[in-house]
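**Q** okay, here's the prediction I keep looking at, along with the sequence it came from:
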Amino acid sequence: MSEPIEFAPLYSRNERLTKALPTLAIAALLYWLYHSYFHQWLTWYLETMHCHQFFSLTGIEALWLAIFVGIPMLCAITIAIALLPTGYNTLKDKQYPPIGAKVFQKTKIVKGNKARIKGWMHLLLPLIFVAIACWGYLQVGQMPTDADGKLDPSLCVDQAIIIQ
């Protein structure tokens, strides 16, 4: 006979609200900050990136690095913060969700090799983004570093930022 199906404990309604409301508040704050400040700065930077220099990088090279390395690394760090504790506890407890973990929806408890696979997936997923960042770093050298004279040099007057 097979074992009865076990389910992980669910969060109560109050616990769900306690978890969800701060997350929504942080998301709303980030949305507001993006639209109030970062979007304006990014628009200005994209119009004048050929005027900037950061250490030995031109503004265009810095933008390529931000896109190809910075964004994947930010994703890797965010995913690692969220998934590494669960992955570690899954491998330690040999079950998913780990012992004592509560869930938002009805979730079957998985044990054995399936749990180990889920645990390793939680631990290894951030490495995919680290690999993408490494690949991106190698691609940055092949990207154009100037705009072939298509950007207006008059935009650079009193706007150049040089960090050394």
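**A** All right, it came through fine.
**Q** in the chain, which helix is the longest?
**A** Longest helix in the chain by number of residues (criterion: DSSP state H): helix 113-140.
**Q** who does that helix touch, helix- and strand-wise?
**A** helix 59-65, helix 71-93, strand 95-96 (3 or more C-beta pairs under 8 Å, 6 or more residues apart in numbering; DSSP states H and E). In short, each C-beta sits where N, CA and C put it, glycine included.
**Q** which residues sit against the last one?
**A** Going back to what we said before, that points to strand 95-96. 90, 109, 110, 111, 114, 115, 118, 119 (C-beta atoms under 8 Å, 6 or more residues apart in numbering).
**Q** same check, this time on stretch 126-139
**A** Contacts of stretch 126-139 (C-beta under 8 Å, 6+ apart): 65, 67-69, 72-73, 75-77, 79-80, 83-84.
**Q** JSON lines please, covering the contacts of strand 95-96 and showing pLDDT.
**A** JSON lines is the format used below for these (pLDDT from 0 to 100):
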{"residue": "90", "pLDDT": "96"}
{"residue": "109", "pLDDT": "94"}
{"residue": "110", "pLDDT": "94"}
{"residue": "111", "pLDDT": "93"}
{"residue": "114", "pLDDT": "95"}
{"residue": "115", "pLDDT": "95"}
{"residue": "118", "pLDDT": "96"}
{"residue": "119", "pLDDT": "96"}
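**Q** top of those by neighbour count?
**A** With neighbours taken as other C-beta atoms under 10 Å, the top of the contacts of strand 95-96 is residue 90, carrying 26 neighbours.
**Q** can you tell me the closest non-neighbouring residue to it?
**A** Nearest residue to residue 90, sequence neighbours excluded (C-beta to C-beta, 6 or more residues apart in numbering): residue 119, at 3.4 Å.
**Q** what residue is smack in the middle of this structure?
**A** In the chain, the centroid-proximal residue (C-alpha atoms, centre = their mean) is residue 75; its distance is 1.9 Å.
**Q** ok, and the closest non-adjacent residue to it?
**A** Take residue 75 and drop its neighbours on the chain: the residue closest to it by C-beta to C-beta, 6+ apart is residue 129, 4.6 Å away.
**Q** any idea how far residue 80 is from the one you found?
**A** 9 Å (C-beta to C-beta, to the nearest Å).
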